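Visitor: What follows is a predicted protein model with its sequence.
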Amino acid sequence: MKSFSQSQIFLSLFFALLCTLFSLDVHAQSDKVTISRRHVAVKTVLNDIESQTHYLFIYGQEVNVSRKVTVNVKNQPVSKVLHQLFSGQSVKYSTKGDHIVLSVVSAKSSLEVGQGTRAGSSSGKIVKASGLVLDAEGEPIIGATIKRPGASTGTITDVDGHFTIDVPEGSTLQISYIGYEDREVRASANMNITLKSNVENLNEVVVVGYGTQKKVDLTGAVSSVKMDDVLGNRPISSVSEALQGAIPGLQVTSTSGIPGKGMSFNIRGVNSINTGSPLVLVDNVEMDVNMLDPNDIESVTVLKDAASSAIYGARAAFGVILITTKKGNKESAFHLNYSNNFAFSDATNVPKKATPLQTVQAYKDQGVISCSTGQDVDTWLELLKDYQNNPNAYPNGYVDVNGLRYSLAETDLFADMMETGFKQSHNVSASGGGKHISYRIGIGYVNQDGILYSDKDSFKRSNVSSFINADITSWLNAQLDVKYARSKSSMPYTTASYGIWGAAVAFPSYFPTGEMELGGETLPINTPRNFIRLASTNSNVKNDTRIFGKITLTPIKDFHIIGEYTFNYKTLETSTFDKKFEYIHGAQFRKEQSVSNSKFEHSQGNTDYNALNIYANYNKSFRNHNFGVTAGFNQESNNYSYNMAYRTDMINEELPSLSQATGAYYTTDSYSRYTVRGLFYRITYDYQGKYLFETNGRNDGSSKFPSKKRFGFFPSISAGWRVSEEKFMEWSKVALSNLKLRISWGNIGNQSISAYAYIPGMSSYQANWVVDGLTQTTLSSPKLVSNSFTWEKVSTLDFGVDLGFFKNCLNIVFDWYNRKTKGMLAPGMELPSVLGADAPLQNAANLGSKGWELSLSWDDHVGEVGYHFGFNIYDSKTKITKYNNETGLIGNGIYRKGMYLGEIWGYETDRLYAVDDFNDDGSLKDGIAKVEGYNPNPGDILYVDQDGNGIINKGILTTSNPGDRKIIGNNTRRYQFGVNGGVDWRGISFSFILQGVGKRDLWLMNELTYPIYDRWSTLYSNQLDYWTKTNTDSFFPRIYENSEGNTVANTQVQTRYLKNGAYLSVKNITLSYMFPHSLINKLGVNKLSIFFSGENLFTFDHLPKGVDAERVVTDDLGARGFSYPYMRQFSFGINLTL
């Protein structure tokens, strides 16, 4: 490659600048500027124009340049900016060479002379129209022009956004301001008018890797949202909750409704059969997103394809989520903001058990004569029927017969263990800035008590953030951002009698509550409520401190050198105490202990993370050519340490402590460290903003791989064509605002493996032999490890189209992608069994994913009514294209070439066996199949005999011989979608958010989906349709005593009980009101709004009560099919700005 000296480079830059100056002189009338200022003096805007052009302004003292204005323009002519600045003012301007002269002319009436009753008026009567002009955020717009259409003069809004104008009665008023779309309204008094930003003029800026780009110039698959738009006034405390259904291709899931429970992200489906998740960066550096206060976030950008995320290299194989926090603005007034949110919550989806009568009837239908505790079933049924007709005859809710207790009253253990939860959050922030400095300070607090009885299920979090940005000199800028967060979550904990949730699910509806006397001693019954009361509380305390410093040097115009350093220190301290207490078993009627030995466990994990970024940006425009270059260096290190100890037998159960115990002592610890180092670049080019090109790349190294396999180069390339800007598309301008075609390809590495996977590790353990009366500690044999494995490589081809119609009121984005992952770590070729070890991991497997995404949005207004609507949907399928499974084995966690991830193998259900299927001696008639190893009865499940041999079995568990099984479904979430919308009128706003999945199959076999699933289970109200001699056309088969008999054969994976996992969730509905500025301004308040909101209101699905479609990740639904449910929340609060 040809090399260039430093002098040659600077000479080239000087020549380019010289040519640019000459071109400016020749094309003086077409000079364009980019300005973004809020509430600044006219003089500041004039200074901005001078700094970006060769013009100088000349004006006298009579010209008011102290007037406050707001300007948002991107690449607009100077003449247009000046027209908006002085429209409606008694100021004119003229150009003389390199100077623009401002002068004052005689004032004219705001009502044009001779207008009379021109178009837009219905009479000659003159009336006074007045109102307030606001932007989309409710901020007053200063200097907006108000006039009648076609008139040359009018008036402008004052510093508070107010205006008054005399016009003929019935006139139409036109409101305009640079950077906003014009609006026309019928003139009246006390109007509230909101102007919508003109996206085409503003060229919205989107955060990308190590920089920003105009949205219109993006060539990769990038989606971005403003946090205020998706958060709104919702009663949520995590970023992840706010993003559910907001961005196409971004899947946000959770397995529990526990207060403070984190959620997981996935971008565009499965990338690898190994673990991994998207890279989440906060202001360009990794951070635990669950510790962030959503109110401190400005925007969230998702980089979905390899072209846009390649600049992050090895960490970006699963996509990148870029979070930008709020910061102060220079030359902005001081603002103090306060908001709160008070929410009340209850469980959204709680199962309903069968009544005691239905439950005992099921015992009889099972063939039970006498229960395990001696109760006669027939006697019990008669007592229950009598209790149903005459409950007053049994005031205690039970009766003793022959020394046996028969429970009669119906109880609800779920309702008994739950109550209304309460959550409050408060946020205060102060921001502002001068000419050379800006700042922002934020404080947030969340306190949530869950829905369990007592206050033992809770989550608390405090956030403090401070940011300062200062221009040290004209070429040196410094920033400091410090964030601290502390959270504490707690839950009641016991392993007694199935635990809290296991007891709630398993115990029947006649299970007694409260206390019981036994042997002269009164003790609590083992109900979930009593377990919560008696159990100790485990706690998790997190501390997260982050210090971020940034220095920007600008040695020459458009060239920035940036240095960033981050130090992040995190701790997680966990305490768990399994307390010993006594209770009476409410079904067995005996005294029990929760545990034989109480146990206290304490652990602490510490992480210190260091990140250094040094990079430079250079952007240059020459005539119609626009160039951008970013190049830099990144290094990050992560050090983790963990210590855990537990001890049994507390001296005092109320004061658990390691030192105050007498039992066995156990300790362990672990340490890990990994480092990432890389060089990266991005080059962008466009011609006339129509033909776009971008390439990204990174040479990355990770300590997680063998020394000779640590580095890899990961490039990407993308291009775009703004077809709408071509001359041959002029005919379409009436409707078409934007048409851009995109194509991208990129290749990224994946380092999501353990820190020392390439090192043969040995662990210590207690051997089974004894020497001198003591057991001996020894080491395990090291596993086989390949010294040649390296990165998994993920390549993505993406085609996209962006469409905008009707001045971008309607926007459509569509992407199709084909992603291939090669060299996934998996066991290599099989080794001889005599070796006695598993095959080492090698880069031996591949997969491919294909998918698409579609998003539509409409944002417009009719008169004073504004409205918006958004819809997004996405889908993908993933297929294994290479895997070492020559025999085609089938099973959970077993992969093979050609399989689609998520596939469900099972039997095709034919029907239930009928009485006519059997001979008089009970044997099956010829031609009717049975499950191998079982002799069916009428009412059992009959499966389709796929191979026709009369025996239903799984063959040899291979694709060539699967027996009678076949692929009956797939548990991958398909057609995931989100819907949002709203309307606003004169400060009143209504909004809604929906989210769901269009197609998904689920195999769920547990207490909530099958009647009396095992000997410890009970019956639920949705499980009453089981087979009996009088109910042969049932949904469920016959049920057996203690779930024995043919229960195993009846509960095989099959089509009959395959669930439809599609759902639609109403995530949020909010109603708010913003008080008129004219009213609150007198109180010194800039903005005030109140709101009422509902979160997680309804879910429409096809699943049994208690099974939450949104929460189901696998067949493991927690304790016996049900655990802490999602919460429905109703909230209210205020937002105040001073």
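Guide: Ah, there it is.
Visitor: Distance of Ser256 relative to Phe422?
Guide: Distance, Ser256 to Phe422, by C-beta to C-beta, to the nearest Å: 19 Å. C-beta: built from backbone N, CA, C; applies to glycine.
Visitor: residue contacts, Phe344?
Guide: For Phe344, the contact set (C-beta atoms under 8 Å, 6 or more residues apart in numbering) comprises Thr420, Gly421, Phe422, Lys423, Gln1129, Phe1130, Ser1131.
Visitor: run the last query once more with 10 Å
Guide: Residues in contact with Phe344 (C-beta atoms under 10 Å, 6 or more residues apart in numbering) are Pro235, Thr420, Gly421, Phe422, Lys423, Met1127, Arg1128, Gln1129, Phe1130, Ser1131, Phe1132.
Visitor: check which helix or strand covers it.
Guide: Phe344 belongs to strand 332-347 when assigned by DSSP states H and E.
Visitor: repeat for Pro524
Guide: strand 521-524.
Visitor: His426 now?
Guide: Going by DSSP H and E, His426 is in strand 421-433.
Visitor: Equivalent analysis for Ser372, please.
Guide: Going by DSSP H and E, Ser372 is not in any helix or strand.
Visitor: returning to what we had before: which helices and strands does the strand holding Pro524 pack with?
Guide: The contact analysis (3 or more C-beta pairs under 10 Å, 6 or more residues apart in numbering; DSSP states H and E) places strand 521-524 against strand 515-518, helix 528-534, strand 582-584, strand 591-593.
Visitor: how about a markdown table for these, with mean neighbour count added?
Guide: Formatted as a markdown table, these follow (neighbours: other C-beta atoms under 10 Å):
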| stretch | mean neighbour count |
| --- | --- |
| strand 515-518 | 14 |
| helix 528-534 | 23 |
| strand 582-584 | 18 |
| strand 591-593 | 13 |
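Visitor: and Ser876, what is it in contact with?
Guide: The neighbours of Ser876, taking C-beta under 10 Å, 6+ apart as the test, are 249, 251, 268-270, 817, 819, 849-853, 972-974, 976.
Visitor: if we go to 7 Å?
Guide: Residues in contact with Ser876 (C-beta atoms under 7 Å, 6 or more residues apart in numbering) are Arg268, Gly269, Ser849, Lys850, Gly851.
Visitor: Which of those residues has the largest number of neighbours?
Guide: In terms of neighbours by other C-beta atoms under 10 Å, the contacts of Ser876 top out with Arg268 at 29 neighbours.
Visitor: from memory that residue sits against Lys304, does it?
Guide: Yes - using C-beta atoms under 7 Å, Arg268 and Lys304 qualify as a contacting pair, with a distance of 5.8 Å.
Visitor: Which neighbours do these two have in common?
Guide: The contact sets of Arg268 and Lys304 overlap at Gly249, Gly319 (C-beta under 7 Å, 6+ apart).
Visitor: How about the secondary structure of the spatially most central residue of the chain?
Guide: With distances taken as C-alpha atoms, centre = their mean, Ser240 lies nearest the centre of the chain, 3.2 Å away. With DSSP: H, G, I helix; E, B strand; the rest coil as the basis, Ser240 sits in helix.
Visitor: hmm, back to that, could the contacts of Ser876 go into a markdown table alongside secondary structure?
Guide: Supplementary listing: those in a markdown table, determined by three-state DSSP:
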| residue | secondary structure |
| --- | --- |
| Arg268 | coil |
| Gly269 | coil |
| Ser849 | strand |
| Lys850 | strand |
| Gly851 | strand |
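Visitor: where's the dip in pLDDT among these?
Guide: By pLDDT, Gly269 ranks lowest within the contacts of Ser876, coming in at 83.
Visitor: Tell me the bridge partners for the nearest residue to it once chain neighbours are set aside.
Guide: Spatial nearest neighbour of Gly269, chain neighbours left out: Ser876 (3.9 Å); criterion: C-beta to C-beta, 6 or more residues apart in numbering. Ser876 has the following beta-bridge partners by DSSP bridges: Gly851.
Visitor: same question, the one 4 residues further on
Guide: Note on Ile880: beta-bridge partners Leu847, judged by DSSP bridges.
Visitor: give the contact list for it.
Guide: Leu847, Tyr895, Arg896, Lys897, Gly898, Met899.
Visitor: Please report which of the residues you listed has the highest neighbour count.
Guide: Neighbour counts for the contacts of Ile880 (other C-beta under 10 Å) peak at Leu847, which has 26 neighbours.
Visitor: Wait, that residue touches Thr821, no?
Guide: Yes - the pair formed by Leu847 and Thr821 meets the contact definition of C-beta under 7 Å, at 5.0 Å.
Visitor: dump the residue contacts of Val446.
Guide: Contact partners of Val446, counting by C-beta under 7 Å, 6+ apart, are Ser237, Ser425, Lys460, Arg461.
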